[in-house]
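coords please:
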Amino acid sequence: MKYKGSKEINKPRDVVTKFFVDPAYLGEYQDGFVKKEMIRGEAGKEGAVSQMFYESGGRDMLLTETITSNKLPHSFEAFYSHKHMDNIRKCQFTVLDRNRTRYQYEYVRME
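Below is the predicted model of the structure:
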């Protein structure tokens, strides 16, 4: 199963990707985000593994993120594991003009 979409953001790509990679801002665009903790590797680098904590509807959720490709400011890919499912997230950041960026995303559920 795939889920994809895009969003035009009225900011330059370097600003958008700066906020995208900073865990302090994840709660601004991910519903229920609580915190992100490094498990191993170097933050933001390929192969880095983190635990991501969420709360939704009074329930806690834990995801394990493994960065598979970080070619920012152009693209970012990661594998997410949860006890009930696994997903791959692919993101692209395209310059539309000096002050606008298109953020495209695709989530692929692993069967």
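
Let me know the distance separating the nearest residue to Val49 once chain neighbours are set aside from Asp22.
Leaving out its chain neighbours, the residue that sits closest to Val49 by C-beta to C-beta, 6 or more residues apart in numbering is Ile39, at 4.5 Å. C-beta: built from backbone N, CA, C; applies to glycine. According to C-beta to C-beta, to the nearest Å, Ile39 and Asp22 sit 18 Å apart.

Glu106 now?
22 Å.

what does Pro73 give?
Distance of Pro73 to Asp22, computed by C-beta to C-beta: 13 Å.

Those two: which is more packed in?
Taking neighbours as other C-beta atoms under 10 Å, Pro73 and Asp22 compare with Pro73 leading, 18 against 12.

wait, what's in contact with the residue lying closest to that one once chain neighbours are set aside?
Spatial nearest neighbour of Pro73, chain neighbours left out: Thr17 (4.3 Å); criterion: C-beta to C-beta, 6+ apart. Counting by C-beta atoms under 8 Å, 6 or more residues apart in numbering, Thr17 touches Leu72, Pro73, Phe93.

Show me the helices in the protein, by range?
Ranges of helices within the chain are 13-21, based on DSSP state H.

contacting residues for the closest residue to Pro23 other than its chain neighbours?
Distances taken as C-beta to C-beta, 6+ apart place Lys36 nearest to Pro23, at 4.3 Å, with adjacent residues excluded. Contacts for Lys36 (C-beta under 8 Å, 6+ apart) come out as Pro23, Leu26, Ser50, Gln51, Met52, Phe53, Glu65.

repeat that with 6 Å
Contact analysis of Lys36 by C-beta atoms under 6 Å, 6 or more residues apart in numbering lists Pro23, Ser50, Met52.

Work out the gap between stretch 90-101 and the centre of the chain.
Centroid separation for stretch 90-101 versus its chain: 15 Å, with C-alpha atoms, centre = their mean, to the nearest Å.
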